[in-house]
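K.L.:
Just to be clear, the model below is a prediction. Sequence and coordinates:
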Amino acid sequence: MKIKIKISLLVATVAFIFSCEEQGRFMISEGSTVPPDVPVVTGYRPLPGAVTLFYEAPRNEDLLTIDAQYIAANGELVWFSASYFVDSLTVRGFAEEIEYTIEIFATNRAGIRSQMVPITVTPLESALPQVAANIQVKPATRSFLLDWENELMQTLNIFVDFNFTENGVQQSFTRVFSSNREIERQFILDMDIQESTPINVSVWVEDLFGNSTEVIDKGQIFVMQDEDLDHTKPDWFLPLPGFQMGNYGNDPYLPMATREVTQVDGNNHEGRLRLIHDNIRDHANLINFMHAGSISTPWDILIDLGAYYELTRIATWQRRFHGPPGAGDPGHHDLGALYDNSENIGRYAMWRWDEETNEWEYLSEHTIPNLRALGFGTLEIVMRHAREGDEAYVLPDPGYTKPTRWFRYQALAGFGSNYQASSSISCLSEISLFGRFHSAIPEGSENTHDDDDE
């Protein structure tokens with residue numbers, strides 16, 4: 001108890017001393033016309049697109065801030081300020097690794113400034129030229145995309161100018177993307193033009209301080225066109241559970257395995273494997289999904305497409321509900337099982353069967369973004385899932401696969417534990433594919449349809 005009393009008295013004494021000092025500081029008249037002394041700069045540290053100035057602050061009692069300013073590339077004055085309590089100030093907004101002049105000064109409580117002290121500094125190169133140099137423009141289906149890396153993760157605006165001429169009419173557009181992500185991909189969507197129509201694309205990059213790169217001509221690109229293959233689903237064939245085709249020898253997820261790739265048993269509980277290609281999505285009281293039981297991931301779905309196709313995109317639909325929706329909810333306001341780790345698939349891989357090597361060719365892996373975790377509203381998530389499902393490109397960069405008759409969907413993980421593998425991931429409602437027809441199956445080809453999944 002005595003110790004507590006002593007500590008309390010000490011704290012009270014210290015608080016009183018500081019309060020007296022602050023009271024003295026803020027008793028200075030706000031009408032003072034005497035400027036504070038100038039800060040003494042002791043050095044600086046160069047940073048990417050910035051510098052940190054170190055200084056000794058003046059000892060004026062009415063000192064309030066240490067400030068720095070310079071004229072930005074757009075001609076506007078940029079100003080930075082730090083409290084008199086600290087001994088450094090970071091000044092940002094430089095693009096190149098060249099000399100810049102900054103003016104540093106002190107300001108008192110009355111707003112009176114000291115003399116300006118010019119300081120010449122050389123920052124490190126900012127993200128601006130680095131990002132501009134690595135922007136890539138790539139064609140996509142009814143769209144094109146831009147990929148770039150921003151290693152310094154500085155907030156930048158990427159401007160995209162593009163134009164094309166169709167039916168004798170020239171169309172010109174500008175899009176702007178703002179990002180500070182390390183790796184970014186953005187799409188220019190709704191380009192419903194012919195594949196033979198060239199699109200002229202140029203880009204430039206700006207930061208938040210008026211710095212801008214030169215306009216960079218990215219040449220011409222041509223969008224891709226594909227079609228929804230839902231109308232071909234009656235021709236799809238899913239072999240019975242246990243059917244084997246190829247092995248896991250070149251599988252990055254099971255690199256040491258030699259067992260054969262096996263059709264999953266999706267007919268557990270109320271689920272049926274055949275329901276994943278009937279063009280019906282699980283919704284509200286409508287039960288329409290496959291259920292793999294308690295098998296551990298990875299597991300596979302093998303699909304004979306009934307012809308040869310060059311594939312571009314995939315869309316999948318999750319199991320919508322674990323059971324009937326809540327009372328009074330027709331299924332529009334309850335997320336139900338969407339993005340729930342207990343059953344639905346959040347990460348999967350895609351493969352095609354290569355008839356020249358008699359092996360599965362790896363195409364890509366896709367992680368379905370958890371829209372609930374990203375802050376999307378419930379109604380928006382439900383409507384988006386009902387309308388378009390979870391869509392992805394089959395290849396890492398949009399394009400057409402080699403012609404394939406067999407497609408393999410490999411379930412890897414759910415949505416929980418950062419998309420790690422789990423033994424409970426078991427449900428899928430529907431798979432849709434996009435692409436273009438290549439050729440029919442030649443007569444006399446090997447018949448693998450002795451057993452039917454129906």
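P.N.:
Right, received. Where do you want to start? Numbers count the residues shown, from 1 in each chain.

K.L.:
Would you list the phi and psi of Glu380?
P.N.:
phi -60, psi -40 (degrees, to the nearest 10).

K.L.:
tally of neighbours for it?
P.N.:
10 (other C-beta atoms under 10 Å). All C-beta spots, glycine's among them, are computed from the backbone N, C-alpha and C.

K.L.:
contacting residues around it?
P.N.:
Leu371 (C-beta atoms under 8 Å, 6 or more residues apart in numbering).

K.L.:
Please tell me how far Ala373 sits from Glu96.
P.N.:
39 Å (C-beta to C-beta, to the nearest Å).

K.L.:
do Val169 as well
P.N.:
From Val169 to Glu96 the distance is 41 Å (C-beta to C-beta).

K.L.:
So those two - more neighbours on which side?
P.N.:
The neighbour count for Val169 versus Glu96, taken as other C-beta under 10 Å, is higher for Glu96 (16 against 7).

K.L.:
hang on, isn't the more buried one packed against Gln130?
P.N.:
No. Between Glu96 and Gln130 there is no contact under C-beta atoms under 8 Å: 11.2 Å.

K.L.:
the helices in the chain, which residues?
P.N.:
In the chain, the helices defined using DSSP state H lie at 2-26, 127-134, 378-388.

K.L.:
Lowest mean pLDDT across those, which one is that?
P.N.:
Note on the helices of the chain: lowest mean pLDDT is at helix 2-26, with a mean of 37.

K.L.:
which residues of the protein score low on pLDDT?
P.N.:
1-32, 250, 255-258, 284, 323-333, 421-423, 444-454 (pLDDT under 70).

K.L.:
per the record, what domains does it have?
P.N.:
Domains of the chain are assigned by automatic domain parsing as 40-121, 127-221, 227-439.

K.L.:
With distance to Val34 as extra columns, can I get these in TSV?
P.N.:
Conversion of the domains of the chain to TSV gives the following (distance: least, C-beta to C-beta, whole Å):
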stretch	distance to Val34
domain 40-121	7
domain 127-221	33
domain 227-439	52
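
K.L.:
from memory Thr101 sits against Tyr70, does it?
P.N.:
Yes. Between Thr101 and Tyr70 there is a contact under C-beta under 8 Å: 6.6 Å.

K.L.:
Can you pick out the residue with more neighbours from those two?
P.N.:
Each of Thr101 and Tyr70 has its neighbours counted (other C-beta under 10 Å); Tyr70 has more, 20 against 10.

K.L.:
got a list of what that one touches?
P.N.:
77-78, 91, 93, 100-103.

K.L.:
Give me the phi and psi for the closest residue to Gln263 other than its chain neighbours.
P.N.:
Leaving aside its chain neighbours, Gln263 sits nearest to Phe243 (4.2 Å; criterion: C-beta to C-beta, 6 or more residues apart in numbering). Backbone torsions of Phe243, given as degrees, to the nearest 10, read phi -60, psi 140.

K.L.:
so where's the longest strand in this protein?
P.N.:
strand 299-317 (DSSP state E).

K.L.:
What lies in contact with stretch 47-60?
P.N.:
For stretch 47-60, contacts defined as C-beta under 8 Å, 6+ apart pick out 36-45, 63, 66, 68, 84, 87-95, 102, 104, 106, 108, 114, 119, 121-128, 152, 154, 207.

K.L.:
go on, stretch 351-369?
P.N.:
245-246, 249-252, 261, 311, 314, 316, 345-350, 390, 392-396, 401-402, 404-408, 410, 412, 415, 419.

K.L.:
Show me which residues of it are buried.
P.N.:
351-353, 360-364, 366, 368 (16 or more other C-beta atoms under 10 Å).

K.L.:
Can I get it in CSV, CA atoms only?
P.N.:
Below are the C-alpha coordinates for stretch 351-369, written out as CSV (Å, rounded to 0.1, in the frame of the first residue of the first chain):
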residue,chain,number,x,y,z
TRP,A,351,-6.2,-29.7,-66.2
ARG,A,352,-6.6,-30.9,-69.8
TRP,A,353,-5.9,-34.3,-71.2
ASP,A,354,-3.0,-34.3,-73.7
GLU,A,355,-3.6,-37.1,-76.1
GLU,A,356,-0.1,-36.8,-77.5
THR,A,357,1.6,-37.5,-74.2
ASN,A,358,-1.3,-39.4,-72.5
GLU,A,359,-0.9,-37.2,-69.5
TRP,A,360,-2.8,-34.5,-67.7
GLU,A,361,-1.5,-31.0,-68.7
TYR,A,362,-1.7,-28.5,-65.8
LEU,A,363,-3.5,-25.3,-66.8
SER,A,364,-3.8,-23.1,-63.7
GLU,A,365,-5.0,-22.7,-60.2
HIS,A,366,-7.7,-20.3,-59.1
THR,A,367,-8.6,-19.0,-55.6
ILE,A,368,-12.2,-17.7,-55.4
PRO,A,369,-12.2,-14.3,-53.6
